[in-house]
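Visitor: requesting a structural model of the entry that follows:
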Amino acid sequence: MELQWTKIFLPEIKELIETKDFKGLRDFLRERHPADIVDILKELTPTERVMSFRLLDKNKISEVFALFEPVEQEELLKQFTEQHAKEILIEMQPDDRTQLFDELPAHVVEKLLKLLPPLERKEANELLNYPDNSAGRIMTPEYVDLQIDMTVAKALEHIRKTGLNRETVYICYIVDETKKLRGVTSLKNIILANPDQLIKDIMNESVLYVHTTDDQEKAAQVVQKYDILAVPVVDNEDRLVGIVTVDDVLDVVQEEVTEDFQKMAGIQTIEEEYFRVGFFKRISNRILWLVILVVAAIISQTILKNYSGVLSSIIALTYFIPMLTGSGGNTGSQSSTLIIRALATGEVKFKDWWKILLRESKVGVTLGLVMGSIAFIIVVITLGEITVALTVGISLCIVVSVGNIVGISIPLFFKFMKLDPAFVSAPLIATLLDATGLIIYFEIARRMLSP
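Guide: Below you'll find the model as predicted:
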């Protein structure tokens, strides 16, 4: 829908540029939302894009720039004059600026830091010095803080003076003379309160907060769980140093989900965007797990060799090997995906492991009975061999039941070992269950089909 909207207005924008009607182009862009402007600028040539950027007003230009992907931001910075780049960096929110610096090469960051005034440069360096993926790294120091002994009237006056340059004014944080976080209140409470009331009388002392060194995912979980606009960030002495807002949380959630998917697919985490990852790095990020899986597949080869006597006596057993191994791997991958996601979102805790295993045992057996029955019917129809059909049906029932439990158990074991459950890749579980499924299948066949 948005792309269609952009294409409708693109000819008009191109015409304004070709006729050098910069006033008309400025008026057109002024009426658009920053996100829509980004869509428009992406359709223009690099030269037209820079030209259009210069027509944006001072406040909107930093908002628009922050919405571009890091690769596009880097390209734009190369085309800006030094003064233009400096103006954009100064106007950007500190957390957006830190995110940009995180994505750029070190030599480019060093050059850009020199463009910033001393105060902004110090602020940027402080944020960059926090650990990667920490709450301190993504927080913004632009927040509204009020002194605990302020009156409501004084607080409103302070908000009017400082609120324009703050990330949000809807939530205000109460600190004492040492900057320690003491409470929180909303702008609504302040407006509705008596002007002579003290801020400490209308604040909520039960404040949710995270520390600067806490993982960014923890900040995201607090915002999500308690449905708040921002979470305050404190240092080791509980002094307020910044806030993590909901827009930053959305970025964190997207990043964490992407990381989990990569791990579960057996790919080393890639933080760069797709087109920024070099050929050899893309190979190295994937080859490790593939080699491990090839080596692990030797187990299946050995099992097939050891049971060659059973196979040679009843060739029909080979027809159903893909069905057995595929079903076990698919079931295990499904259950592992479900539990890994549930652990990541906090829906389940490791302490409930026995409840999870009991619940999934019932699910696995039920799935196994259904799939085993279907397999039995298929074999009877295709081969007309009741004994072989029973062998396949019983085997599939057990393989699916075991696969479901294995898919649940391995991520729980990783959690117990204080490792990220997302490291349990679906290909690994499928490979392990291939071997397990073959052993189950051939052992049942050996007992049921032996003369």
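
Visitor: quick one, strands of the stretch 151-300 of the chain?
Guide: Ranges of strands in the stretch 151-300 of the chain, per DSSP state E, counting those that start in this stretch, are 171-175, 181-186, 210-211, 230-234, 240-245.

Visitor: ok, which of those strands comes nearest Val406?
Guide: Closest approach to Val406 among the strands of the stretch 151-300 of the chain is made by strand 210-211 (35.5 Å; C-beta to C-beta). In this view, the C-beta of every residue, glycine as well, is placed from N, C-alpha and C.

Visitor: who does the closest one pair up with?
Guide: strand 230-234 (parallel) (DSSP bridges).

Visitor: give me the mean pLDDT for the partner strand.
Guide: For strand 230-234, the mean pLDDT works out to 93.

Visitor: and stretch 227-245, how far apart are its ends?
Guide: End-to-end distance for stretch 227-245: 11 Å, by C-alpha to C-alpha, to the nearest Å.

Visitor: so how far is that stretch off the chain centroid?
Guide: 21 Å (C-alpha atoms, centre = their mean, to the nearest Å).

Visitor: run through who's touching that stretch.
Guide: 95, 135-136, 138-141, 143, 145, 167-168, 170-171, 173, 175, 178-181, 184, 207-213, 216, 219-220, 222-223, 246 (C-beta atoms under 8 Å, 6 or more residues apart in numbering).

Visitor: just the buried members of those residues?
Guide: Listed as buried from the contacts of stretch 227-245 are 95, 135-136, 138-141, 143, 145, 167-168, 171, 173, 175, 181, 184, 207, 209-212, 216, 219-220, 222-223; burial here means 16 or more other C-beta atoms under 10 Å.

Visitor: and the gap between Leu116 and Leu128?
Guide: 12 Å (C-beta to C-beta, to the nearest Å).

Visitor: which residues touch Val363?
Guide: Shown in contact with Val363 (C-beta under 8 Å, 6+ apart): Asn404.

Visitor: pull out the buried residues from the host helix or strand of it.
Guide: Assigned by DSSP states H and E, Val363 falls within helix 353-383. By neighbour count with 16+ other C-beta under 10 Å, helix 353-383 contains the buried residues 353, 356, 360, 363-365, 367-368, 371-372, 375-376, 379-380.

Visitor: kindly report the same for stretch 380-399.
Guide: Residues 380, 388-399 are the ones in stretch 380-399 that count as buried (16+ other C-beta under 10 Å).

Visitor: before we move on, what about stretch 55-71?
Guide: Buried, per 16+ other C-beta under 10 Å, within stretch 55-71: 55-56, 60-68, 70.

Visitor: as JSON lines, the residues you listed with secondary structure and distance to Ile298 would be great.
Guide: Compiled in JSON lines, the buried residues of stretch 55-71 are given as follows (DSSP: H, G, I helix; E, B strand; the rest coil; distance: C-beta to C-beta, whole Å):
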{"residue": "Leu55", "secondary structure": "coil", "distance to Ile298": "64"}
{"residue": "Leu56", "secondary structure": "coil", "distance to Ile298": "61"}
{"residue": "Lys60", "secondary structure": "helix", "distance to Ile298": "60"}
{"residue": "Ile61", "secondary structure": "helix", "distance to Ile298": "59"}
{"residue": "Ser62", "secondary structure": "helix", "distance to Ile298": "57"}
{"residue": "Glu63", "secondary structure": "helix", "distance to Ile298": "56"}
{"residue": "Val64", "secondary structure": "helix", "distance to Ile298": "55"}
{"residue": "Phe65", "secondary structure": "helix", "distance to Ile298": "53"}
{"residue": "Ala66", "secondary structure": "helix", "distance to Ile298": "51"}
{"residue": "Leu67", "secondary structure": "helix", "distance to Ile298": "50"}
{"residue": "Phe68", "secondary structure": "coil", "distance to Ile298": "48"}
{"residue": "Pro70", "secondary structure": "helix", "distance to Ile298": "42"}
